[in-house]
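Chemist: Structure of the sequence below:
(2 chains)
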Number of protein chains: 2
Amino acid sequence: MQAKAIFYHAGCAVCVEAERTVAGALDPKRYQVEVVHLGTSKDRLREAEQAGVKSVPALVLDGVPLHINFGASIDALR
Amino acid sequence: MQAKAIFYHAGCAVCVEAERTVAGALDPKRYQVEVVHLGTSKDRLREAEQAGVKSVPALVLDGVPLHINFGASIDALR
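Modeler: Have a look, this model is predicted:
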């Protein structure tokens, strides 16, 4: 069964590069990757924060928030 | 052909969690993951810096340095 990996971003250049590399490099047999743009999907902000996301780009993998480089703080996206 | 992904760490708790999740989640068909402990393999520090690594844990994937959360700055490992 595939686990869910959620990649949160805000469309920034740092986000795009991280998505292209790490989100695209996950094992497709094990992970189903959902990409969420927090700048346009503000209704997902709360869920991201509850998962421990403090900045974007971030990947929540097996429930663990992984902040990848730094594009923008989540506070800047409200 | 497999591309090389290098995961640099320093044995810290943040590093261990990042290794367990992201390094273990890469597609094994596409990536061969090498794990380098920069605290003990100081001879690899220069190579890591040249790849753009500023802190650990970090993953260099397709030549792109991805800093994952924050364990220690590379300056602290000399």
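Chemist: How far off centre is the lengthiest strand in chain A?
Modeler: Across chain A, the longest stretch assigned as strand under DSSP state E is strand A:64-73. Here the centre of strand A:64-73 is set off from its chain's centre by 8 Å, with C-alpha atoms, centre = their mean, to the nearest Å.
Chemist: What sits closest to the residue of chain A found nearest chain B if chain neighbours are left out?
Modeler: When scored by C-beta to the nearest C-beta, chain A has residue A:27 as its residue closest to chain B, at 4.3 Å. Where you see a C-beta, it was placed from the backbone N, CA and C, and this is true even at glycine. Of all residues not flanking residue A:27 in the chain, residue B:27 sits nearest, at 4.3 Å (C-beta to C-beta, 6 or more residues apart in numbering or on different chains).
Chemist: quick one, what contacts that neighbour?
Modeler: A:25-29 (C-beta atoms under 8 Å, 6 or more residues apart in numbering or on different chains).
Chemist: do the same with residue A:18
Modeler: Here residue A:18 is in contact with A:7, A:9, A:57, A:59, A:68-69, A:71, B:66 (C-beta under 8 Å, 6+ apart).
Chemist: And residue A:8, by the same measure?
Modeler: If you count contacts by C-beta under 8 Å, 6+ apart, residue A:8 has them with A:36, A:38, A:44, A:48, A:53, A:56-60.
Chemist: Residue A:54 too?
Modeler: Counting by C-beta under 8 Å, 6+ apart, residue A:54 makes contact with A:65, A:67, A:73-74.
Chemist: Tell me the secondary structure at the closest residue to residue A:65 other than its chain neighbours.
Modeler: The shortest distance from residue A:65 to any non-neighbouring residue, by C-beta to C-beta, 6+ apart, is to residue A:52 (3.7 Å). Assigned with DSSP: H, G, I helix; E, B strand; the rest coil, residue A:52 falls in the coil class.
Chemist: Okay then, goodbye and thanks.
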